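>>> I need the structure of the sequence given here:
(one chain, ligands or ions: 1)
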Amino acid sequence: MSGKAKIAVLVSGGGTNLQALIDAQTNGIISLGEISLVISNKPDAYALERAKAAGIATAVVNRKDFCTSIDFEDAIKKLIEKNGIDVIVLAGFMCILGENFTKAYPRRIINVHPSLIPSFCGKGFYGLRVHEAALAYGVKVTGATVHFVNEIPDGGEIIMQKAVEIEDGDTPEILQRRVMEQAEWKMLPLSVEKACGEILRGKNA
Ligand code: GAR
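Below is the predicted model:
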């Protein structure tokens, strides 16, 4: 197969990781994939503005519009299928996707998590809460992990991990920013490029 892997990015909030992916596409760090669609579960997510500014198609799938999580996931699946998506990137997507969804896309869904898995991960650990927990525990090193998504929350195969030092006086917000700058925004594009390469090689085989 010639051409690029088609990427969908799922978001819920500010979208700095989405921005890192868009920038990586612009500067050639992502060359084997193309961001074709951004899906948000929140209609007011700033990430949607970032996508629009980059000329990327957007869609909103609001959990509140569906009776069950299966219906919600099926609506996302429909968009994925309709747009011929190869790789799904969870970039600050704050919903846990069930087996109904994850089993449909083995080694096709990538998540970025703001800690060194298996620490501070799983149900209830997301966004700033992860950094609050790391500081409350008193660990001296934290970091971020990019992994494939399976039916266990934050339990899929690890693609990349990077450690980040905790410094005296850190607040959750300061630590979150350092983890993003030093780890997430660098690793996520590299991991996505790697996964796109794998998918293209599989299609060509
Ligand atoms: C990021 O730190 C991401 O790792 C985290 O939420 C933040 C989203 O920021 N994701 C999770 O906690 C998922 N379990 P962003 O919207 O600016 O990319």
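>>> what residues does this structure put near the ligand?
13-17, 47, 91-92, 112-114, 126-127, 130, 180, 184 (C-beta under 6 Å from any ligand atom). Where C-beta positions appear, they are placed from N, C-alpha and C, glycine not excepted.
>>> show me these that map onto helices.
In helices, defined here by DSSP state H, the members of these are T16, N17, A47, V130.
>>> give me the pLDDT for the first one.
At T16 the predicted local distance difference test score is 98.
>>> picking up where we left off before, would you turn the ones in helices among the residues of the chain next to the ligand into TSV with neighbour count?
Listed next are those as TSV, based on neighbours: other C-beta atoms under 10 Å:
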residue	neighbour count
T16	18
N17	26
A47	26
V130	23
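>>> what is the most widely separated pair among these?
A47 and V130 (18.6 Å; C-beta to C-beta).
>>> so what's A54 up against?
Taking C-beta atoms under 8 Å, 6 or more residues apart in numbering, we find A54 in contact with I22, I35.
>>> same thing but at 10 Å, please
L18, Q19, L21, I22, D23, Q25, T26, I35, V38 (C-beta atoms under 10 Å, 6 or more residues apart in numbering).
>>> L97 too?
Per C-beta under 10 Å, 6+ apart, neighbours of L97: 10, 69, 72-73, 76-77, 88, 90, 104-105, 109, 111, 149, 151, 153.
>>> can you give me the helices for the chain?
Under DSSP H, the chain gives helices at 16-26, 46-53, 69-82, 99-102, 128-137, 172-179, 185-204.
>>> pull out the buried positions in the last one.
When neighbours are counted by 16 or more other C-beta atoms under 10 Å, the buried residues of helix 185-204 are found to be W185, K186, M187, L188, P189, S191, V192, E193, A195, C196, I199, L200.
>>> ok, and the closest non-adjacent residue to the third one?
The reference is to M187. Leaving out its chain neighbours, the residue that sits closest to M187 by C-beta to C-beta, 6 or more residues apart in numbering is M160, at 4.6 Å.
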